[in-house]
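Trainee: sequence first, predicted model second:
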Amino acid sequence: MALNIRIFKKKDIMKKLSVYYVLSAFLFCVSCSFIDEEYERHGAIYGIVTDRISGDPISGVNVTLLLSGASVKNTTTDSNGYYRFYELDPGQYSINVSRPVGYRTDRKNDITVKVGEETPVNFPLERD
């Protein structure tokens with residue numbers, strides 16, 4: 001019985017490795033283009049909720065994003081009064097800030113979200 005033993009030459013190994021590296025680089029570039037494409041199909045809205053008089057941030061405020069009058073996303077302001085809505089389809093939105101204790105409810109309409117852009121919408125709230 002004859003054994004078929006193949007001895008790999010350095011040249012063969014280098015050729016296979018170079019094909020592997022080229023293929024890996026190609027796949028990486030393709031995956032990055034999908035990430036960029038996904039980002040470019042959406043927009044975002046962000047802002048801060050503050051006291052109108054003092055300018056102090058208000059934390060723990062419920063912020064609701066509406067599309068055609070229906071709630072599509074909810075979030076709460078962080079300890080610095082910031083909120084953010086990601087991955088939004090382009091269009092016209094409204095934002096409702098629920099009444100935090102001691103403040104009036106506020107709502108902003110006709111907020112335009114564009115592809116690849118972040119739209120700032122701040123809420124300086126008045127006290128009751």
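Mentor: Arrived safely.
Trainee: show me this structure divided up by domain.
Mentor: 8-39, 43-125 (automatic domain parsing).
Trainee: just those domains: most buried one?
Mentor: Of all the domains of the chain, domain 43-125 carries the top mean neighbour count, a mean of 15, counting by mean count of other C-beta atoms under 10 Å. Glycine gets a C-beta too; all of them are placed from N, C-alpha and C.
Trainee: that domain - what's its average pLDDT?
Mentor: Across domain 43-125, pLDDT averages out at 96.
Trainee: quote the end-to-end distance of it.
Mentor: 25 Å (C-alpha to C-alpha, to the nearest Å).
Trainee: stretch 70-89 now?
Mentor: Counting by C-alpha to C-alpha, the terminal residues of stretch 70-89 are separated by 15 Å.
Trainee: what lies in contact with that stretch?
Mentor: When contacts are defined by C-beta atoms under 8 Å, 6 or more residues apart in numbering, stretch 70-89 is touched by residues 41-50, 56-66, 93, 113.
Trainee: and I48, how far from G69?
Mentor: Distance of I48 to G69, computed by C-beta to C-beta, to the nearest Å: 25 Å.
Trainee: no no, Y93
Mentor: In terms of C-beta to C-beta, Y93 sits 11 Å off from G69.
Trainee: next one: T76
Mentor: 21 Å.
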